[in-house]
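> prediction below, plus the sequence it came from.
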Amino acid sequence: MIYTAVLPAQAAAGADVTALAGVYAPVFYSGDTVTDIEIVAPPAYSTVTGATTNNVTISVRQVRAGAVIQTFGSVTTTSGVNLVAEVPISAPITAQPVFLPGDVIDVHMHQNGAGQAIGAGLWVCVYVS
């Protein structure tokens, strides 16, 4: 199963943004292991060049009954981590969630320091099998 969130634009130093990726349901006994998290910018996206201190963190979270249970993957646009049109970035899986039916997967974007302007349309795909 693939859960996908499309992120809105976020101004540098702007307020946090959260987008829904989906609701977990065991479909055809497909499993509940997160195997991959990919972030990709759409065609014609203006490149965001990673920076050491003023950057953005994109986190994938497990939510149950409206409360965040854990962040299980994230990536920060530090030096060398750039958002480029149609070039996927793999986000490391930092913890393996134990999903229950009805758990929500969301994506949270947070500006660090002065941050960076993020254009609309970033896709975040969470692969569960």
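Now that the structure is in, tell me what you want to look at.
> residue 120: what secondary structure?
coil (DSSP: H, G, I helix; E, B strand; the rest coil).
> and the closest residue to it other than its chain neighbours, how far from residue 116?
Among residues not flanking residue 120 along the chain, residue 9 sits closest, at 4.0 Å (Cβ to Cβ, 6 or more residues apart in numbering). In this view, the C-beta of every residue, glycine as well, is placed from N, C-alpha and C. Per Cβ to Cβ, to the nearest Å, residue 9 is found 12 Å from residue 116.
> between those two, which is the more surrounded one?
Using other Cβ atoms under 10 Å, the more surrounded residue of residue 9 and residue 116 is residue 116, with 21 against 12.
> gap between residue 97 and residue 111?
Taken as Cβ to Cβ, the span from residue 97 to residue 111 is 25 Å.
> and residue 20, by the same measure?
Residue 20 is 20 Å from residue 111, by Cβ to Cβ.
> neighbour count: the two, which is higher?
residue 111 (21 against 14).
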